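>>> No letters, just coordinates:
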């Protein structure tokens with residue numbers, strides 16, 4: 001047992017002690033309140049059921065096809081071609097840019113690549129389909145050998 005405990009009733013709490021006690025009570029109550037708020041589950045928004053367009057509704061299908069992202073428009077200008085034995089290089093200007101050399105299989109843009117070179121056209125795969133880009137005709141072109149082309 002404790003027998004030497006003495007309580008002095010004449011001692012009054014000082015101002016800083018009261019402020020410290022009030023701050024401790026405020027801190028504990030604030031932590032308790034935020035703990036309770038953060039422990040609650042978040043309210044979930046109601047989920048609307050997804051509806052598919054009717055089978056006979058061609059208007060919805062055409063609008064969906066019109067708004068869906070597709071391959072971007074591609075402008076290819078041929079500056080020169082060197083091809084033979086399944087290999088080849090084409091000098092192309094893509095979408096008005098400066099001419100650059102592209103080998104068969106190289107990407108022209110994000111949705112296009114050079115798929116092949118024929119005697120009279122380039123074959124470009126654009127958006128999953130093959131497109132033929134005709135080569136410019138040269139005077140005296142017989143389809144064989146090296147062609148001399150005047151400088152632009």
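Perfect, thanks for sending it. Note that the structure is predicted; figures quoted are calculated from it, not measured.
>>> okay, CA-based contacts and neighbour counts for the rest of this
OK.
>>> quick one: contacts for residue 99?
79, 91-93 (Cα atoms under 8 Å, 6 or more residues apart in numbering).
>>> Just the buried subset of these, written out for PyMOL, thanks.
Buried residues among the contacts of residue 99 (16 or more other Cα atoms under 10 Å), as a PyMOL selection:
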select buried, resi 91+92+93
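>>> Show me the contacts of residue 99 that map onto helices.
Residues of the contacts of residue 99 located in helices (DSSP state H): none.
>>> burial measure for residue 30, as a count.
By other Cα atoms under 10 Å, 12 other residues sit near residue 30.
>>> any idea which element residue 28 lies in?
Following DSSP states H and E, one finds residue 28 within helix 15-39.
>>> do the same with residue 108
Going by DSSP H and E, residue 108 is in strand 107-109.
>>> For that strand, which outside residues touch it?
For strand 107-109, contacts defined as Cα under 8 Å, 6+ apart pick out 94, 102, 113-114.
>>> Just after that strand, pick out the following helix or strand.
That would be, after strand 107-109 and using DSSP H and E, strand 112-117.
>>> so what strands line up beside that next one?
strand 107-109 (antiparallel), strand 121-126 (antiparallel) (DSSP bridges).
>>> Could you dump those into CSV and include mean neighbour count, distance to residue 13 and mean pLDDT?
Shown next, in CSV, are the strands paired with strand 112-117 (neighbours: other Cα atoms under 10 Å; distance: least, Cα to Cα, whole Å; pLDDT from 0 to 100):
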stretch, mean neighbour count, distance to residue 13, mean pLDDT
strand 107-109, 17, 80, 87
strand 121-126, 20, 85, 88
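>>> which SSE is residue 81 in?
Applying DSSP H and E, one finds residue 81 within strand 76-84.
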